[in-house]
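Trainee: dropping the sequence and predicted coords here.
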Amino acid sequence: MPPLVATFIFALAVLALFALDRDQELHTSAALWLPVIFIWIVGSRPVTAWMGMDQSVANAGQMVEGSPIDRLFFQVLLGAAILVLIRRGRRTTSALKANWAILLYFSFCLLSILWSDFPDVSFKRWIKSIGDLAMVLIVVTDRQPMAALRRLFSRTAFIMLPASILLIKYYGNLGRAFDPYGWMELTGVATNKNSLGVVTFVLLLGVVWRILSLVRSKRQPNRSRHLLAQGSLLVAGLVLLKMAGSATSSASFVLGSGLMIATGLPVIGRRPVFVHAVVLFIVFTAVFGMLAGADAALVHAMGRNTDFTGRTEIWKAVLPMAPNPIVGAGFESFWLGKRLEKMWSLFPVFQPNEAHNGYIEVYLNLGWVGVGLIGLLLINGYFRAVAAFRRDRGIGGLMLAFVATAAVYSVTEAGFRMLDPIWIFLLMAVVATGGVTSVAGSRAQRSARVPINRAGVRKRRDMVTLVPSRRNS
């Protein structure tokens, strides 16, 4: 099939998905397009890459400079997001106050700039990292946060997943690439197979959440066409996961979706102790499988040498290079300057710029203090997700899945870094569940909140709000 014909069919398919999944009863803010665009870019390629500019890094110095065009793009998005959050006033303040663990982590990241070898670069990256939190807050502080979350998944997945298949199949120069060792990998809209894998599995968790919600809510209006749209997206995502060949992302998707399905069973959902048992069993099984050499087995099956694809060699090399085991090198400062040059001399072909382990990555930049804060954030997010699960099994199961998959994914990938899809949705899980509460109150109060359409029928509203209802404005 000619590429132009395939592109036309792709456009029609995307429009059909949006039409099938439309819901005129949901009214979200136009500001929701800010996090949608943000995820489109951080989950795919920098703006300069889409503009056809060369993204190759010839030397370690270029890692310090960065791209002024990409920097301007994120500054504009961040500035717009901050203006939106200022206008939302009390809702923004309430969400921030309810999430002390995240504020503590970002505050320490800011403080660590003081001992960074590259304070100016570290500060610029910290400002950029605030964009992750700002986009999450736009979703959570929407007047219909559940609807905003649904539309966030739909608007990002309906574009990114089909577009990846289109690029891989019909635009090989954009959707395929060669790794440093000459092996072809399928990248889709992303820059490498691992990036494609992580954005696919994160969005697929949202798809599974929607499908499970539709299956359980048999009286939901237009249920069949919503199921058709989400089912089509699930098939496309599974095809992409297979194409990407990212073992970590595939395992994380199985873990997250399995967790949502398992905790949705009545026998498990009725007792919190069963929820804890299921989560611990799934997480420990996944981590043990990774550490026991599942990744190496996959590499051998592909006929490759684990010396250049295994993570352990990188871990052995970077751990002794940590400048300060207590507080690290400073926020996003380790992979700069002489340390980066040394790592590239040790791995001249691969040229790593991350530790391929989220916990080690945090240790290198923020030391044991940073690792402790990440652990606190994960524990805080987990117990909040369990509390949310008791009130709403659907959203609680999704947030549990994000917390658990972030913890497991980061065993073999740097999942706690800024502008990473799994990090963004981990923040989403912690912030959202920080204020999850049932829309309680008398029938008169609920009636006052729910508008009536022209037919005299009360419009359906989400049964859960993601910020404390007593503080909503």
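Mentor: In hand now; what should we look at? None of the values given here were measured: they were computed from a predicted structure.

Trainee: show me where the chain has its strands.
Mentor: For the chain, strands defined by DSSP state E occupy the ranges 176-178, 184-186, 437-438, 464-465.

Trainee: give the partner strands of the first one in its sheet and their orientations.
Mentor: Strand 176-178 pairs in its sheet with strand 184-186 (antiparallel), by DSSP bridges.

Trainee: tell me which residues in the partner strand are buried?
Mentor: Buried residues in strand 184-186, counted by 16 or more other Cβ atoms under 10 Å: 185, 186. Quick note: C-beta positions are derived from backbone N, CA and C, even for glycine.

Trainee: next one: stretch 187-207
Mentor: 187-190, 193-207.

Trainee: CA atoms only for it - export them in PDB, please.
Mentor: Only the C-alpha atoms of stretch 187-207 are listed here, as PDB (Å, rounded to 0.1, in the frame of the first residue of the first chain):
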ATOM      1  CA  THR A 187      10.800   2.900  17.300                       C
ATOM      2  CA  GLY A 188       7.500   4.200  16.000                       C
ATOM      3  CA  VAL A 189       7.000   7.800  17.200                       C
ATOM      4  CA  ALA A 190       9.800   7.400  19.800                       C
ATOM      5  CA  THR A 191      13.500   7.500  19.500                       C
ATOM      6  CA  ASN A 192      14.300   3.900  20.500                       C
ATOM      7  CA  LYS A 193      12.500   0.700  21.300                       C
ATOM      8  CA  ASN A 194      12.600   1.200  25.000                       C
ATOM      9  CA  SER A 195      11.000   4.600  24.700                       C
ATOM     10  CA  LEU A 196       8.300   3.200  22.500                       C
ATOM     11  CA  GLY A 197       7.800   0.400  25.000                       C
ATOM     12  CA  VAL A 198       7.300   2.600  28.000                       C
ATOM     13  CA  VAL A 199       4.900   5.000  26.500                       C
ATOM     14  CA  THR A 200       2.900   2.100  25.000                       C
ATOM     15  CA  PHE A 201       2.600   0.200  28.200                       C
ATOM     16  CA  VAL A 202       1.700   3.300  30.200                       C
ATOM     17  CA  LEU A 203      -1.100   4.300  27.800                       C
ATOM     18  CA  LEU A 204      -2.300   0.700  27.600                       C
ATOM     19  CA  LEU A 205      -2.800   0.600  31.400                       C
ATOM     20  CA  GLY A 206      -5.300   3.500  30.900                       C
ATOM     21  CA  VAL A 207      -7.000   1.500  28.100                       C
END
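
Trainee: show me how far it is from its chain's centre.
Mentor: 10 Å (Cα atoms, centre = their mean, to the nearest Å).

Trainee: pLDDT averaged over that stretch - what is it?
Mentor: Here stretch 187-207 scores 93 as its mean pLDDT.

Trainee: again with stretch 350-368
Mentor: Rounded mean pLDDT across stretch 350-368 is 91.

Trainee: same check, this time on stretch 420-431
Mentor: Summarised as a single mean, pLDDT over stretch 420-431 is 94.

Trainee: do the same with stretch 13-28
Mentor: Mean pLDDT, stretch 13-28: 87.

Trainee: need the contact partners of that stretch.
Mentor: Outside stretch 13-28, the residues that touch it by Cβ atoms under 8 Å, 6 or more residues apart in numbering are 142-144, 147-148, 150-151, 154, 158-159, 162, 221-222, 225-226, 228-230, 232-233, 459-460.

Trainee: pLDDT weak spots in the chain?
Mentor: Along the chain, the parts satisfying pLDDT under 70 run over 54-66, 180-181, 269-272, 286-310, 435-473.

Trainee: then stretch 141-150 to CSV, C-alphas only?
Mentor: Extracted C-alpha coordinates of stretch 141-150, given in CSV (Å, rounded to 0.1, in the frame of the first residue of the first chain):
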residue,chain,number,x,y,z
THR,A,141,-7.6,20.1,39.5
ASP,A,142,-10.0,20.0,36.6
ARG,A,143,-13.6,20.4,37.7
GLN,A,144,-14.3,16.9,36.4
PRO,A,145,-10.9,15.2,37.1
MET,A,146,-12.1,11.7,36.3
ALA,A,147,-13.3,12.9,32.9
ALA,A,148,-10.0,14.7,32.4
LEU,A,149,-8.1,11.6,33.1
ARG,A,150,-10.2,9.6,30.6
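
Trainee: residue 24 - how many residues pack around it?
Mentor: Residues lying near residue 24 (other Cβ atoms under 10 Å) number 9.

Trainee: separation between it and residue 173?
Mentor: 40 Å (Cβ to Cβ, to the nearest Å).

Trainee: pull the distance from stretch 89-102 to the chain's centre.
Mentor: Relative to its parent chain, stretch 89-102 has a centroid offset of 20 Å by Cα atoms, centre = their mean.

Trainee: got a list of what residue 373 touches?
Mentor: Each residue near residue 373 by Cβ under 8 Å, 6+ apart is listed here: 101, 104, 105, 108, 366.

Trainee: by neighbours, which of those residues wins?
Mentor: Busiest of the contacts of residue 373 [other Cβ under 10 Å] is residue 366, holding 29 neighbours.

Trainee: who's in contact with the closest residue in space to that one that isn't next to it in sequence?
Mentor: Nearest residue to residue 366, sequence neighbours excluded (Cβ to Cβ, 6 or more residues apart in numbering): residue 328, at 4.3 Å. Counting by Cβ under 8 Å, 6+ apart, residue 328 touches 112, 322, 334, 362, 363, 364, 365, 366, 367, 369, 370.

Trainee: from residue 99, how far off is residue 328?
Mentor: Computed with Cβ to Cβ, the distance linking residue 328 and residue 99 is 23 Å.

Trainee: go on, residue 138?
Mentor: Residue 138 is 14 Å from residue 99, where distance means Cβ to Cβ.

Trainee: what does residue 50 give?
Mentor: 33 Å.

Trainee: what of residue 230?
Mentor: Here residue 230 is placed at a distance of 29 Å from residue 99 (Cβ to Cβ).

Trainee: quick revisit: could you dump the contacts of residue 373 into CSV and include distance to residue 127?
Mentor: Output for these, formatted as CSV (distance: Cβ to Cβ, whole Å):
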residue, distance to residue 127
101, 21
104, 18
105, 16
108, 16
366, 17
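
Trainee: and of those residues, the nearest to residue 377?
Mentor: Using Cβ to Cβ, residue 101 is the member of the contacts of residue 373 that lies nearest residue 377, at 4.8 Å.

Trainee: residue 51 - how many residues pack around it?
Mentor: By other Cβ under 10 Å, 10 other residues sit near residue 51.

Trainee: phi, psi of it?
Mentor: Phi and psi for residue 51, reported as degrees, to the nearest 10, are phi -80, psi 0.

Trainee: contact partners for the nearest residue to it once chain neighbours are set aside?
Mentor: Nearest in space to residue 51, with sequence neighbours left out and distances taken as Cβ to Cβ, 6+ apart, is residue 69 at 7.6 Å. Contact analysis of residue 69 by Cβ under 8 Å, 6+ apart lists 47, 48, 51, 53.
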